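>>> Just a sequence and a predicted model for now, questions to come.
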Amino acid sequence: MKQARLVLVRHGQSVYNKENLFTGWTDVALSPQGEKEAQDVGRLLKKNGIYPDICFTSWLKRAIHTAQIALRELEWEHIDSLRSYKLNERHYGAWQGQNKSKVLQEYGEQQFLAVRRGYDVPPPPLDENDSRVVWRDAKYATFERALLPISESLKDTKKRVVEYFQETIQKELKKDKTVFVSAHGNSLRALVMHLEQISEEDVVKLEIPTGEIIVYTFTTEIQIDKKEILLG
Ligand SMILES: O=C(O)[C@H](O)COP(=O)(O)O
């Protein structure tokens, strides 16, 4: 019997991950190691006989390139790919581009963790006059300003990610498709929190490393039957 499968992949290491900088909506490329991690994703999918029917990514190139490299490695590049800003990484506000160790020193462990891994504490917002603010990026020019964040908590990210999951991705699962999603550390933490009904307290411990592949198999009622992490 064909069962719906959801394959979640965190993009490979980016050049900001390598430098230990907060990234958020900053649109940075994969590092050479990240490209290798993306190839490994394709290799592991092949080894496990997982050939997706459809692919979803965020609008950020580290997730787009991870999906493209993985599908090339899998020799499965023909499938439809849909992209949405709703799968983008959590907006890291004024912390974007800052060194994580320096921010930790400046804010102290408790505040740092509350923002970085907690549920409803956003980082300080990006100044509206900052040239990096999202509405100055041509890609988002047609959006209403109110839709574009200058900082987000995990709760804010979860709202848009779950909306997109329920409106779009879940429709494919209901047709028993194998759905590939290439996204980000925190947009995926938000989705996993929703799927596994993880509490606000427990989500603090949820970590998703770069290049990780999580495969959920669903029953016909869209209930999780099995969860697997694919390892090389
Ligand atoms: O946006 C970032 O900096 C990373 O993609 C995720 O970072 P985090 O693990 O520090 O939340």
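Okay, I see it.

>>> Any buried residues in the longest helix that the chain contains, and which?
The residue-count maximum for a helix in the chain (DSSP state H) belongs to helix 32-47. Going by neighbour count (16 or more other Cβ atoms under 10 Å), the buried part of helix 32-47 is 33-35, 37-42, 44-45. Where C-beta positions appear, they are placed from N, C-alpha and C, glycine not excepted.

>>> which residues touch the spatially most central residue of the chain?
Centroid-nearest residue in the chain: residue 184, 2.2 Å away (criterion: Cα atoms, centre = their mean). Taking Cβ atoms under 8 Å, 6 or more residues apart in numbering, we find residue 184 in contact with 10-11, 58, 60, 62-63, 87-90.

>>> which phi and psi does it have?
phi -130, psi 160 (degrees, to the nearest 10).

>>> can you check residue 187 too?
With angles defined as degrees, to the nearest 10, residue 187 sits at phi -70, psi -30.

>>> now swap in residue 178 and tell me
The phi/psi pair for residue 178 (degrees, to the nearest 10) is phi -100, psi 120.

>>> Please report how far the spatially closest residue to it that is not a sequence neighbour lies from the ligand.
Closest residue in space to residue 178, ignoring its immediate chain neighbours: residue 5 at 4.3 Å, by Cβ to Cβ, 6 or more residues apart in numbering. Using Cβ to the nearest ligand atom, to the nearest Å, residue 5 is found at 25 Å from the ligand.

>>> Then residue 68?
Residue 68 is 19 Å from the ligand, by Cβ to the nearest ligand atom.

>>> repeat for residue 46
From residue 46 over to the ligand (counting by Cβ to the nearest ligand atom), the distance is 26 Å.

>>> And for that residue, nearest residue in space, chain neighbours not counted?
Residue 46 sits nearest to residue 74 (Cβ to Cβ, 6+ apart), 5.3 Å away.

>>> In terms of pLDDT, where does that neighbour sit?
On pLDDT, residue 74 comes in at 98.

>>> Wait, it touches residue 47, no?
No. Using Cβ atoms under 8 Å as the test, residue 74 is too far from residue 47 to be in contact (10.1 Å).

>>> What residues does this protein have near the ligand?
Residues of the chain lying close to the ligand (Cβ under 6 Å from any ligand atom) are 22-24, 89, 92, 116, 184-186.

>>> one more time with 8 Å
With Cβ under 8 Å from any ligand atom as the criterion, the chain meets the ligand at residues 14, 16-17, 21-24, 26, 89-90, 92, 96, 100, 116-117, 184-186, 207.

>>> Filter those down to the ones in helices?
Counting by DSSP H, the residues of the chain next to the ligand contribute 16-17, 100, 116, 185-186 to helices.

>>> Can you say which of the residues of the chain next to the ligand are buried?
14, 16-17, 21-24, 26, 89-90, 92, 96, 100, 116-117, 184-186.
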